[in-house]
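**Q** The sequence and its predicted three-dimensional model are supplied below.
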Amino acid sequence: MKGILNILKPPGMTSHDVVARVRKKTKIKKVGHTGTLDPNAAGVLPICIGQATKISQFLLDSTKQYRAELTLGIETDTQDIYGNTIEKKVVKLSSDEIEKTILSFVGEYYQTPPMYSALKVKGKKLYELARQGIEISREARKVQIHQINIIRMMGEKVLFDVVCSKGTYIRTLCHDIGKILGCGGVMSFLLRTATHNFDIGSAITLEELQQTEDVEAYLKPIDFPLSHILKIDFDAAYKKAALNGNKLYIKDSFYSIPMETEVRIYVEENFIGIGNIKEDSEKKRYVKFSRLFA
């Protein structure tokens, strides 16, 4: 069995808990998730099975989409509503001020990872140190907020959709918004609505997974996350060379593809890997594998 399950993670479970459930159901050891989702959060969590684990990095690096709720007037040690309260303030801000500040985060900004996170420093996870009351300096990382759409504002609560780069902490985004506004802010709800081309509409619950007798019916193929990459299909004569990861010379009809373009490589419609268009000393063009999945 190989492929990707689009799981709808419920709140109250870690991403590793979901992996364990899938492993138990499929009886396959080689199972991995594609990006940690906070235990209290819910939403899309693609799970790679078998050979599909080779594709997990592409999903880890992909754009994410969330629906989140920001509660203003409070600051906690975890940057979400579940942490210990550090400070509370009365919110005396207009809707326009709040909206303007939230939307100002669209674009690149440097975000300092929260102490309550799974990031490792010198082999120790930050949350392990935080639970011991230890706070250490963390280097701010550049993240990209592609889009923010405010859905609703009610009192101190703001519901919004956000599209962001990998490594973005929505808890920290809420904290940073509250800091700029001067009243503090925490994340009080989080739902991941999409990871790359896996969306919540096509996700299945763990209950549905448990009840099915045909897990493979829910599997997406290994190349599903790569549908945005140009495809080149070779005939059967190339099979041995392709499976060995050798260079594959392309037909003249493909010479219009710019040099270094990343492509998906198939032999008789069977996905083999990805590579880039190259040119040899005789100006003949070929595909050089960067990753073999067969």
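**A** That came in fine, so what should we check first?
**Q** Would you map the helices across the chain?
**A** Ranges of helices in the chain, per DSSP state H, are 15-26, 56-60, 95-103, 126-131, 170-181, 206-211, 239-243.
**Q** can you list those in CSV and add distance to Y218 and mean pLDDT?
**A** No exception for glycine: its C-beta is placed from N, CA and C like everyone else's. Shown next, in CSV, are the helices of the chain (distance: least, C-beta to C-beta, whole Å; pLDDT from 0 to 100):
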stretch, distance to Y218, mean pLDDT
helix 15-26, 11, 95
helix 56-60, 17, 85
helix 95-103, 36, 97
helix 126-131, 32, 86
helix 170-181, 27, 97
helix 206-211, 7, 96
helix 239-243, 28, 93
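**Q** Please tabulate these in JSON lines and include mean neighbour count and distance to Y66 as additional columns.
**A** Converted to JSON lines, the helices of the chain look like this (neighbours: other C-beta atoms under 10 Å; distance: least, C-beta to C-beta, whole Å):
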{"stretch": "helix 15-26", "mean neighbour count": "17", "distance to Y66": "15"}
{"stretch": "helix 56-60", "mean neighbour count": "17", "distance to Y66": "15"}
{"stretch": "helix 95-103", "mean neighbour count": "15", "distance to Y66": "14"}
{"stretch": "helix 126-131", "mean neighbour count": "16", "distance to Y66": "20"}
{"stretch": "helix 170-181", "mean neighbour count": "22", "distance to Y66": "5"}
{"stretch": "helix 206-211", "mean neighbour count": "13", "distance to Y66": "20"}
{"stretch": "helix 239-243", "mean neighbour count": "15", "distance to Y66": "39"}
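**Q** Any chance of TSV for the ones you listed, columns distance to L70?
**A** Shown next, in TSV, are these (distance: least, C-beta to C-beta, whole Å):
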stretch	distance to L70
helix 15-26	23
helix 56-60	26
helix 95-103	8
helix 126-131	22
helix 170-181	5
helix 206-211	28
helix 239-243	50
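**Q** Pull the number of nearby residues for G123.
**A** G123 is flanked by 5 other residues according to other C-beta atoms under 10 Å.
**Q** Ignore what I typed, I meant G3.
**A** Counted with other C-beta under 10 Å, the neighbours of G3 add up to 19.
**Q** That one and L59: what is the separation?
**A** 13 Å (C-beta to C-beta, to the nearest Å).
**Q** Grab the longest strand from this structure for me.
**A** strand 141-154 (DSSP state E).
**Q** in it, what counts as buried?
**A** Buried positions in strand 141-154, judged by neighbour count with 16 or more other C-beta atoms under 10 Å: V143, I145, I148, I150, M153.
**Q** quick one: which of these is nearest to V287?
**A** In terms of C-beta to C-beta, no member of the buried residues of strand 141-154 lies closer to V287 than V143, at 33.1 Å.
**Q** burial measure for the nearest residue to E208 once chain neighbours are set aside, as a count.
**A** Excluding the flanking residues, the one nearest E208 by C-beta to C-beta, 6 or more residues apart in numbering is Y218, at 7.9 Å. Using other C-beta under 10 Å, Y218 has 17 neighbouring residues.
**Q** before we move on, what about A41?
**A** Around A41 there are 24 residues (other C-beta under 10 Å).
**Q** do the same with I222
**A** There are 22 residues near I222, going by other C-beta under 10 Å.
**Q** Check what pLDDT it gets.
**A** The per-residue pLDDT reported for I222 equals 94.
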